[in-house]
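Q: structure here, sequence nowhere to be found:
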């Protein structure tokens, strides 16, 4: 991750409201619990992000009183949990895992499960716990003791600036 100075006026990203498009076999809305649960061949897309999974549950922020009448956008969502053959596409990054958890307040996605993997082109990192920061798409990969963190980066010889 690169570090540098940032102009204070430009440091804060302004979130725009985004609509979410979902295709699924079944959707169940529980207004009292402020949740919507999607089951079977779930496909969720928003802006440059797409998620597919066997099951996805959306929990709305506590100020949302009636989930069935609420616009499903990033301002109303508290968390999203996805389970079963989860695939996430974020601009240039692709993630695959058995379970993913999105926390709107932290703006992070936590991938858990054996062989969780993020990739970009031929480069990849694989382990059982990866946290992705959605603001800058930085990540932290760590092992919970079930296996190592494995990384593969394909480089071209020209990238090393070697003297000939």
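A: Nice, thanks for sending it over. Treat the numbers as computed from the prediction; the structure is a model and nothing was measured.
Q: check which helix or strand covers the residue most central in space within the chain.
A: When Cα atoms, centre = their mean is applied to the chain, the residue found nearest the centroid is residue 109 (4.1 Å). If you go by DSSP states H and E, residue 109 is part of strand 108-120.
Q: that strand pairs with which strands?
A: Applying DSSP bridges, strand 108-120 is found paired with strand 93-103 (antiparallel), strand 123-133 (antiparallel).
Q: hey, where'd the strands end up in the protein?
A: With DSSP state E as the criterion, the chain has strands at 21-23, 26-30, 35-46, 49-60, 77-90, 93-103, 108-120, 123-133, 139-142, 150-152.
Q: format those as JSON lines; extra columns: mean pLDDT.
A: Shown next, in JSON lines, are these (pLDDT from 0 to 100):
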{"stretch": "strand 21-23", "mean pLDDT": "92"}
{"stretch": "strand 26-30", "mean pLDDT": "94"}
{"stretch": "strand 35-46", "mean pLDDT": "94"}
{"stretch": "strand 49-60", "mean pLDDT": "94"}
{"stretch": "strand 77-90", "mean pLDDT": "94"}
{"stretch": "strand 93-103", "mean pLDDT": "95"}
{"stretch": "strand 108-120", "mean pLDDT": "94"}
{"stretch": "strand 123-133", "mean pLDDT": "94"}
{"stretch": "strand 139-142", "mean pLDDT": "93"}
{"stretch": "strand 150-152", "mean pLDDT": "93"}
